[in-house]
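K.L.:
just coords:
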C-alpha cells in the first residue's frame, strides 16, 4: 500500500471523491485537478493521480481504463458521506457563495450564467409529474418558471441524465443572492426552512436549518422527510412550502428592492417577503441594522411531485447554466 493516511491526505481524498460523485462520467486527473481549483483546492494533476492510486487500493475508486479516468465506487460514496464530518460543516453556505460568485446573469440583456437545481424523474412518470408541477409554477411559489428539460444521455449543468430518465433544471434561489452581490449589495444567507402559507400569503417559518455549519442541504432533508405541503398551499392556500431566509444591510433596502423588481419583471422570484428596520419577517427577527428577506425555493415544484409519491432524485445548487438555454415552463 502506498502513502500514509494522514489527516491532510484524507482531506484531499475527500475533495477528490466529492468531484467524482458530482460527475456522471469517469474523470481523469487533469479534469479533477481543474475542478478542484474551481473549488479553491490546489492539487496539480500529478498529485491527483498519486492520490487516485491510493484510492484505488482502498476500493474507493475504480479505473475505467487508461484514457477513461476513474469512477467513484459504492465504498467511495459511503466514505464521502461519513468521513471528516467536521470538514463538511458550512458546506451548504459555501456552495451558495460559490454559485452566487459564478452568477453572471444580466437582467437587461438576458445573458450570462444562472444557478440551477437539477432533478431526475422516472421517464414513465414524467408526464404525471409535469401536470403536478403546472399548478406550482402558476402559483408563484417557485424561484422562477424558467426551466430546461433533458432526456437520457443529455447534460444539464454538471449532470448527465441517466437512460430511462428525464432531467429538469429549475432556477436556484442562489440566483437572487448572486444578482444582489453583483450590484454591490452584501447578503447573508442564513436559513433554509419550511414556510407556512395562510390565505395564500406567507405566515411564519415553522422549521429552520442554519446554512452555516450545515452538512446537508436543508431542502433535501425537508423533501425526503415529506415535511412539506406545497399541494395544499397551491390548491387551497393553506400549506407549507420551502423557503430561505436572508439578510441585507438596512441602508441597502431601496437598492435591494430595485434589483428584485428587475428580477420580478422577468418572472424570477415573482413572490418574496422583505421586512424593514430589523423587524421580524415571517416570525424570524432580523439582526440589528439588517433587513430580512424570505425567498421561495426553486425545489417547491419538486416537493409537490414527491408529495404525490413519485420518486425524484435532486441535485440542488448543482451548477450554473447559460440563461438562454432555459425556457418558460409554459412554452414547453
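P.N.:
All right, it came through fine. Quick caveat: nothing in here was measured; it's all calculated off a predicted structure.

K.L.:
what residues does stretch 196-214 touch?
P.N.:
The contact list for stretch 196-214, computed with C-beta atoms under 8 Å, 6 or more residues apart in numbering, reads 89-93, 96, 141, 189-195, 216, 218, 221-222, 227, 232-233, 237-241, 243, 245, 273, 282-284, 294. (C-beta placed from N, C-alpha, C; glycine too.)

K.L.:
give me the buried subset of those residues.
P.N.:
Applying 16 or more other C-beta atoms under 10 Å to the contacts of stretch 196-214, the neighbour count classes 91-93, 96, 141, 189-195, 218, 222, 232-233, 239-241, 243, 245, 273, 282, 284, 294 as buried.

K.L.:
strands - which of those residues land there?
P.N.:
When DSSP state E defines the strands, the subset of these inside them is 189-195, 239-241, 243, 245, 273, 294.

K.L.:
of all those, which two lie farthest apart?
P.N.:
Set against one another by C-beta to C-beta, these have their most distant pair in 189 and 239, with a gap of 23.9 Å.

K.L.:
ok, residue 231 touching residue 301?
P.N.:
No - between residue 231 and residue 301 there is no contact, the gap being 10.8 Å when judged by C-beta atoms under 8 Å.

K.L.:
the more surrounded of the two?
P.N.:
When residue 231 and residue 301 are compared on other C-beta atoms under 10 Å, the one with more neighbours turns out to be residue 301, at 29 against 18.

K.L.:
any residues in contact with both of residue 231 and residue 301?
P.N.:
Overlap between the neighbourhoods of residue 231 and residue 301 consists of residue 132, taking contacts as C-beta under 8 Å, 6+ apart.

K.L.:
related to what we said a few turns ago, tabulate the ones in strands among the buried ones among the contacts of stretch 196-214 in TSV, adding columns for pLDDT and distance to residue 136.
P.N.:
What follows is these, written out as TSV (pLDDT from 0 to 100; distance: C-beta to C-beta, whole Å):
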residue	pLDDT	distance to residue 136
189	93	23
190	94	25
191	94	22
192	94	18
193	96	18
194	97	15
195	97	14
239	97	11
240	98	13
241	97	9
243	96	13
245	96	21
273	87	18
294	94	17
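
K.L.:
between these, which is nearest residue 318?
P.N.:
Out of these, the one with the shortest distance to residue 318 is residue 192. That distance is 15.8 Å, counting by C-beta to C-beta.

K.L.:
quick check: bridge partners of that closest one?
P.N.:
Per DSSP bridges, residues listed as beta-bridge partners of residue 192: residue 209, residue 244.

K.L.:
please report how far it lies from residue 138.
P.N.:
Distance check for residue 192 against residue 138: by C-beta to C-beta, to the nearest Å, it reads 24 Å.

K.L.:
which residues in this protein form helices?
P.N.:
Defined through DSSP state H, the helices belonging to the chain, from first to last, are 7-21, 29-38, 45-57, 74-82, 91-102, 126-139, 174-182, 218-224, 230-235, 253-265, 300-307.

K.L.:
deepest-packed of the ones you listed, please.
P.N.:
Across the helices of the chain, averaging neighbours per residue (mean count of other C-beta atoms under 10 Å) puts helix 300-307 on top, at a mean of 26.

K.L.:
what's the average pLDDT for that one?
P.N.:
Here helix 300-307 scores 97 as its mean pLDDT.

K.L.:
how far does that helix sit from its chain's centre?
P.N.:
On the basis of C-alpha atoms, centre = their mean, to the nearest Å, helix 300-307 sits 15 Å off its chain's mean C-alpha point.

K.L.:
that one vs helix 126-139, what angle?
P.N.:
On the basis of axes from the mean of the first three to the mean of the last three C-alpha atoms, to 10 degrees, helix 300-307 is oriented at 130 degrees to helix 126-139.

K.L.:
poorly predicted segments of the stretch 101-250 of the chain, please.
P.N.:
For the stretch 101-250 of the chain, residues meeting the criterion pLDDT under 70 lie at 109.

K.L.:
domain ranges for this structure?
P.N.:
Using automatic domain parsing, the domain parsing of the chain gives 7-88, 89-332.
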